[in-house]
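Have a look; sequence and predicted model below, questions after that.
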Amino acid sequence: YGGARPDVEVKMLSLDEETGASTTLVRYPPGWRRDEPEHLLADEEFFVLSGSLAIGEQTYRELSYAFLPSGFLRGRASSPEGALVLAFYESEPLAAAGAAGAVDESRLVRHVDALAGEWGGNFHPQFPPGAGRKFLRQDPHDGEQTWILGTMPLRFGRRPEKHPVVEEMFLLSGELVGPLGVMHAGCYFWRPPEEWHGPFGSKTGNVMLFRTKGGPLSTVYTEDEVEFCWHPEHKPILPEGISEEARQPYDGRPRL
């Protein structure tokens, strides 16, 4: 896909066939390297799930994040031990040698360590208590956001909600219980604007990476509360082409 990384393994999580935008899991093999400077003809946003990835003078270790705008010059890149990376591309990731022209560095997030910094709140007043948030990025032009949300064990809500923007989530750890089933670490969703969803809860607590497209997050809740179910029927909404294994309830085996 795009040809910029022919020597890595990729698992596609979502793809916009009109724009080429995608969310992918990228596995860099041990010893992977690029010696010549290059740039991508697409915005690349990534979060390191395991291992490490070096780009220029910056090393991205486990739970590190970056947003590199289209045209950003990458010097030597390598992954001596290998890495598993959650990557978001705003168009087909084509590579070009050397430097590009003008790059909008106001959008650049060179490095964020998710292990550093404090948890914050600033949630909607109807958002169920027992959660914290760490912002990774807010775009200076359109307000799109990326953040990490952590919730306490045994927390749950009672109101469905919706947002005016695209919302996608990758579950980093723990479980998430909702009306369509139970998600476990390594699960993902992409949700279009104005789609009612929830309420959600978690027996274990969890850590999730969220992202919006089309603007910052805002939330509308239903006026009435609904009963929360800890044991929902497994009925995920999936596009055609998803493997039969992915459609089955989680059996405890690692899938990454």
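That came in fine, so what should we check first? Numbering: from 1, shown residues only.

Could I get the full set of strands for the stretch 1-150 of the chain?
Counting by DSSP state E, counting those that start in this stretch, one finds strands in the stretch 1-150 of the chain at the ranges 9-15, 22-28, 32-34, 38-40, 44-51, 53-55, 58-60, 64-68, 77-79, 83-89, 95-97, 109-113, 131-138, 145-151.

hey, where'd the strands end up in the stretch 151-256 of the chain?
Using DSSP E, counting those that start in this stretch, strands in the stretch 151-256 of the chain cover 155-156, 161-162, 166-178, 181-184, 188-191, 201-202, 206-213, 220-221.

CA-only coordinates of stretch 119-130 in CSV, if you can.
Extracted in CSV, the C-alpha atoms of stretch 119-130 (Å, rounded to 0.1, in the frame of the first residue of the first chain):
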residue,chain,number,x,y,z
TRP,A,119,-3.6,12.9,33.5
GLY,A,120,-6.2,15.6,33.0
GLY,A,121,-10.0,15.8,33.0
ASN,A,122,-12.1,18.6,31.3
PHE,A,123,-14.8,16.1,30.3
HIS,A,124,-18.4,16.8,29.5
PRO,A,125,-20.5,17.2,32.8
GLN,A,126,-22.4,14.0,31.9
PHE,A,127,-19.3,12.0,31.2
PRO,A,128,-19.2,9.2,33.9
PRO,A,129,-16.5,9.8,36.5
GLY,A,130,-13.5,7.6,36.9
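
next one: that stretch to chain centre, how far?
A distance of 20 Å separates the C-alpha centroid of stretch 119-130 from that of its chain, computed with CA atoms, centre = their mean, to the nearest Å.

what's the answer for stretch 188-205, then?
Distance of stretch 188-205 from its chain centroid, counting by CA atoms, centre = their mean, is 14 Å.

Give me the buried positions along that stretch.
If you call a residue buried by 16 or more other CB atoms under 10 Å, then stretch 188-205 has these buried ones: 188-191, 198-202, 205. Quick note: C-beta positions are derived from backbone N, CA and C, even for glycine.

C-alpha coordinates for that stretch, CSV please?
Extracted in CSV, the C-alpha atoms of stretch 188-205 (Å, rounded to 0.1, in the frame of the first residue of the first chain):
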residue,chain,number,x,y,z
TYR,A,188,-10.2,-1.2,17.0
PHE,A,189,-13.2,0.8,15.8
TRP,A,190,-13.9,3.6,13.3
ARG,A,191,-17.2,5.4,13.7
PRO,A,192,-18.8,7.9,11.3
PRO,A,193,-20.2,11.3,12.6
GLU,A,194,-23.6,11.4,14.3
GLU,A,195,-23.7,7.6,15.1
TRP,A,196,-25.3,6.9,18.4
HIS,A,197,-23.2,4.5,20.5
GLY,A,198,-22.7,3.2,24.1
PRO,A,199,-23.0,3.2,27.0
PHE,A,200,-19.7,1.6,27.7
GLY,A,201,-18.0,0.1,30.8
SER,A,202,-15.0,-2.0,31.8
LYS,A,203,-14.5,-4.7,34.5
THR,A,204,-10.7,-4.4,34.2
GLY,A,205,-10.2,-0.8,33.5
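
Show residues contacting that stretch.
13-14, 23, 128, 150-171, 174-179, 183, 214, 222, 226, 228, 230 (CB atoms under 8 Å, 6 or more residues apart in numbering).

Also stretch 232-240?
Contacts of stretch 232-240 (CB under 8 Å, 6+ apart): 177-182, 246-249.

Alright, I will stop here.
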